[in-house]
Each structure stands twice: as structure tokens, then as C-alpha cells.
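Enquirer: Return atomic coordinates for the entry below.
(one chain, ligands or ions: 1)
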Amino acid sequence: MLTNQEQLRYGRQIMLDNVGEQGQIALQQATVLIVGVGGLGCPVSLYLASAGIGKIILCDGDDIEITNLQRQILFTEQDIGNNKAETAAEKLNAINHHIDIEVIDEMFDHELAQYYMPLVDIVIDCTDSMKARYLLNSASIQHQTPLIIGAATGLDGQTLVIDPEQRSACYQCVFPKADETPVDNCQTLGILGPVLSIVGGMQALSAIKWLVNMPVAINQLSLFDGLNQQWQHFKVTPQADCPACKKD
Ligand SMILES: [Zn+2]
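Expert: Below is the predicted model of the structure:
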């Protein structure tokens with residue numbers, strides 16, 4: 001049962017047939033891990049905290065720099081020099097103090113993946129590192145934890161939802177690992193801030209829909225072209241010989 005305050009606070013989403021009280025309760029019982037609290041992690045965590053996700057785990061080892069303020073919309077000039085995950089947790093708590101926020105102030109690695117993946121309902125990739133993305137991908141398959149991937153550079157973005165239980169196409173099925181993993185990211189290619197909110201908004205939307213049991217497209221790579229302001233969706237298929245997700 002929701003309290004009167006919760007009914008009031010979340011009323012605009014509870015009134016949706018697809019959410020309702022049951023959906024709101026599901027959100028409040030959910031635990032979501034957000035890896036990376038930068039350009040994507042800021043909008044994603046804002047929407048999830050506002051929606052009343054019961055527990056949000058934020059993972060980022062970076063400190064806030066002046067170059068981040070152009071797009072990382074949770075942070076202010078006063079936050080420069082402070083850890084991103086810790087700072088974001090304070091801001092999100094100010095928006096919604098009913099939710100539980102856990103901070104991991106270090107970079108996501110294999111050890112953290114092994115510990116946290118079994119504890120969460122869903123993982124959201126908001127990193128800007130291919131290495132971290134492949135690690136999240138394999139950990140999500142190992143622990144059967146759904147993963148929502150997002151990436152953006154320049155004017156372009158992409159999202160992919162992976163559900164290992166349904167054996168959907170994984171990140172490595174779609175983007176086979178090269179020997180030389182490219183290092184292109186915002187630092188080398190630049191980025192326009194709103195593109196991150198569009199991609200992050202798609203990730204947050206997928207997460208909320210997933211948690212309230214609405215259908216979420218898997219086996220679909222969605223690409224956003226900011227120049228023409230268009231989304232394109234491509235059907236992708238699990239690869240039988242994919243080193244990350246093939247059945248032994
Ligand atoms: Zn695969």
C-alpha cells in the first residue's frame with residue numbers, strides 16, 4: 001500500500017494504466033546500479049530518483065572538473081574537485097529523501113561487478129569506456145542481470161537493452177571485441193549536452209518500463225542521429241559464436 005504522500009508525489013505516473021499502484025510499489029522495491037555518473041548518469045539518476053526507485057547504487061571514481069559542467073547537469077561550480085557519485089547522491093537525496101542511495105566512489109571493475117551484480121534488479125551502463133562496457137556486458141550475462149547500455153559522442157547516441165534470461169543479443173554480439181579497443185569518447189570527439197539527455201532519457205525510460213513489467217524492446221540497437229534529429233532502430237540477433245554469451 002502506498003501512503004497518501006506517495007500517492008500525491010508519484011500521482012502523475014501512478015495514473016498511467018501501465019504503472020498504477022502496483023507499478024509504483026515495484027519501483028520502490030527495486031534496486032538499480034548506475035555505473036558512471038557523468039553525462040548519461042546525471043539524467044538517468046535524476047529520472048530514476050524522481051520516479052521513486054527504492055535503492056540506487058551510484059558508481060564513479062572520478063572527481064568533478066570544470067569541463068564536466070557543460071553537460072553533467074547534476075553538478076555546480078561549487079562541486080568541482082568532489083567525487084561525482086558522492087555529489088550526485090547528495091543532490092538526488094535533496095530531490096527525493098525517501099529513497100536509499102549507495103555510493104561507490106571508485107571505478108567499476110571485475111571485483112565490484114562480482115559483488116554488486118547479484119544484488120540488483122537492473123544495471124545501467126553510463127560509462128564512456130568500452131572496456132567498462134564489455135565488463136558490464138559479461139558480468140550481466142554471468143549473473144543474468146538485465147543491462148541497459150547507452151553511449152553518446154558528438155551528435156550521435158545509441159542504446160541497447162540486454163536481457164540474458166531471454167538470451168537476447170549482447171553488446172559483444174553487436175560489437176565484437178577488437179584487439180585494439182577504440183578509446184574514442186567525449187574527450188576526443190566532443191559532445192553536445194542535450195544528446196546525453198536524449199540517450200539517458202531513453203535508458204531511464206527502459207529501466208522504469210522494465211521494472212513495472214511493461215514490454216521493453218530487446219534485440220534492437222537504437223541509434224540517435226542528432227544532426228537530423230532522428231532515431232533509427234536495427235534488429236540485432238544473438239551470435240551463436242559470441243565469446244561473451246554463447247552457451248557452453
Ligand atoms: Zn553475445
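
Enquirer: use CA for all of it now, contacts and neighbours both
Expert: OK.

Enquirer: and stretch 206-222, average pLDDT?
Expert: Mean pLDDT, stretch 206-222: 98.

Enquirer: That one and the ion, are they touching?
Expert: No: remark: stretch 206-222 sits outside contact range of the ion, by Cα under 5 Å from the ion, the gap being at least 10.8 Å.

Enquirer: Could you look up the next helix or strand downstream of the helix or strand bottoming out on mean pLDDT in the chain?
Expert: One helix or strand of the chain scores below all others by mean pLDDT, DSSP states H and E: helix 186-189, with a mean of 72. Using DSSP states H and E, the next helix or strand after helix 186-189 towards the C-terminus is helix 193-211.

Enquirer: Run through who's touching the helix or strand that that following helix is followed by.
Expert: Next helix or strand after helix 193-211 toward the C-terminus (DSSP H and E): strand 220-225. For strand 220-225, contacts defined as Cα atoms under 8 Å, 6 or more residues apart in numbering pick out 155-161, 199, 230-236.

Enquirer: Inside helices: which ones of these?
Expert: Within the contacts of strand 220-225, residues falling in helices by DSSP state H are V199.

Enquirer: Pick the one among the contacts of strand 220-225 closest to the ion.
Expert: Using Cα to the ion, V236 is the member of these that sits closest to the ion, with 10.5 Å.

Enquirer: got any ranges where the chain has weak pLDDT?
Expert: Filtered on pLDDT under 70, the chain yields the residue ranges 179-187, 248.

Enquirer: Okay, strands next: where are they in it?
Expert: Under the criterion DSSP state E, strands of the chain are mapped to 31-35, 55-59, 100-104, 122-125, 147-153, 156-162, 220-225, 230-235.

Enquirer: can you redo those strands as JSON lines with mean neighbour count and distance to L16?
Expert: Below are the strands of the chain laid out as JSON lines (neighbours: other Cα atoms under 10 Å; distance: least, Cα to Cα, whole Å):
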{"stretch": "strand 31-35", "mean neighbour count": "23", "distance to L16": "22"}
{"stretch": "strand 55-59", "mean neighbour count": "23", "distance to L16": "22"}
{"stretch": "strand 100-104", "mean neighbour count": "18", "distance to L16": "25"}
{"stretch": "strand 122-125", "mean neighbour count": "25", "distance to L16": "22"}
{"stretch": "strand 147-153", "mean neighbour count": "25", "distance to L16": "23"}
{"stretch": "strand 156-162", "mean neighbour count": "23", "distance to L16": "23"}
{"stretch": "strand 220-225", "mean neighbour count": "19", "distance to L16": "25"}
{"stretch": "strand 230-235", "mean neighbour count": "12", "distance to L16": "25"}
